[in-house]
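> next one to model:
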Amino acid sequence: MMRKSRNDLLISIILPYYKKLKFFKKTYKSILNQTYKNFELIIVYDDSDLVELKKIKEIIKNNSKTKIICNKKNLGAGPSRNKGIKLSKGNYISFIDADDLWKKNKLQKQLKFLKKNNYYFVCSNYRKELKKGYLDVSSPKEITYKNLIKNCNIGLSTVIIKKNLVTNKMFPNLKTQEDFAAWLKIMRTCKLSCYSLNEPLVIWRRDNNSLSTNIVQKLKDSYKVFKKHEKFSLFKSIISVLILSINSLKRKRW
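This is a model prediction of the structure:
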């Protein structure tokens, strides 16, 4: 039996960057400190203002595992991730936002979980930073398309997926909910589920300036996901947004 080459087990980590300097150093350190070392990190610098680029490069210090791609203009998180996917070399793709943190065994545990069970798409629980303390957000072991349209409990920074499932246009150009649209598309077109490792392997940190905290924007983008991308009727789109919002509020304890 032929042994798998190092490239077969390479994980490509995609990180879009836009004005997250106060968070980035700890995020970057949590990636470098992974017990699983066979990875490449692709940072897509998505800020036409290059003020923070010099500081980012100082933090990275020419690390051989890290590549920086600079967008000529601000594209948004979704298109930036697509750009990173296009340039990736790994057979597995993982995502992290520039303000999140990984537990040091995150990649190792999830890759083992994926390979042992012959899964293609996995996530994990995550820990949400609150004004006071933390809240653990859990997902069911199996998340189906039918489950996901009602309750998007897949944290982007928890995901590892086989590269052959993704395309260069996996994430739509939305201000928020672009990851939700991507997961739905994968599940619908590939007819598969996402499986969750029942352990919080990611820390989601608070950023009050983040678009993800803009409730009105999230409602608008949720509607676009259902109406434009999933081709739901007007009525079904509105009802789906309401159900999704109610379930989202149940997960929040600000």
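
> can you show me the helices along the stretch 151-254 of the chain?
With DSSP state H, counting those that start in this stretch as the criterion, the stretch 151-254 of the chain has helices at 178-190, 215-224, 234-251.

> what residues sit buried inside the second one?
Meaning helix 215-224. 218-219, 221-224 (16 or more other C-beta atoms under 10 Å). (C-beta placed from N, C-alpha, C; glycine too.)

> show the average pLDDT along that helix.
Helix 215-224 carries an average pLDDT of 94.

> again with stretch 85-97
pLDDT averaged over stretch 85-97 gives 97.

> so how far does that stretch reach from one end to the other?
14 Å (C-alpha to C-alpha, to the nearest Å).

> what sits up against it?
Stretch 85-97 is contacted from outside by 7-16, 20, 27, 31, 39-40, 42, 67, 69, 77, 81, 102, 107, 111, 114, 156-157, 159-164, 166-168, 170, 179, using C-beta atoms under 8 Å, 6 or more residues apart in numbering.

> next one: stretch 136-147
Under C-beta under 8 Å, 6+ apart, the answer for stretch 136-147 is 123-128, 153-155, 184, 187-188, 193-196, 198, 200, 204, 251.

> 10 Å - rerun?
Contacts to stretch 136-147, defined as C-beta atoms under 10 Å, 6 or more residues apart in numbering, come from residues 119, 121-128, 148, 151-155, 158, 183-188, 190-200, 202, 204, 230, 251-252.

> which of the residues you listed fall in strands?
Residues of those located in strands (DSSP state E): 121-128, 194-200, 202, 204.

> quick check on the residues you listed: which are buried?
Of the ones in strands among the contacts of stretch 136-147, these count as buried by 16+ other C-beta under 10 Å: 121-128, 194-197, 199-200, 202, 204.

> so which of those residues sits lowest on pLDDT?
Lys128 (90).

> that residue bridge partners, please.
Here Lys128 sits in beta bridges with Leu135, Trp204, going by DSSP bridges.

> that one against Leu135, yeah?
Yes - with contact defined as C-beta atoms under 10 Å, Lys128 counts as touching Leu135 (4.6 Å).

> tell me which residues in stretch 60-67 are buried?
Neighbour-count burial for stretch 60-67 [16+ other C-beta under 10 Å]: 60, 66-67.

> now, those that are in strands?
Using DSSP E, the buried residues of stretch 60-67 in strands are 66-67.

> so can I have a markdown table of the buried residues of stretch 60-67 showing pLDDT?
Supplementary listing: the buried residues of stretch 60-67 in a markdown table, determined by pLDDT from 0 to 100:
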| residue | pLDDT |
| --- | --- |
| Ile60 | 95 |
| Thr66 | 98 |
| Lys67 | 97 |
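
> can I get the buried residues of stretch 60-67 in TSV including distance to Ile243?
Compiled in TSV, the buried residues of stretch 60-67 are given as follows (distance: C-beta to C-beta, whole Å):
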residue	distance to Ile243
Ile60	42
Thr66	40
Lys67	40
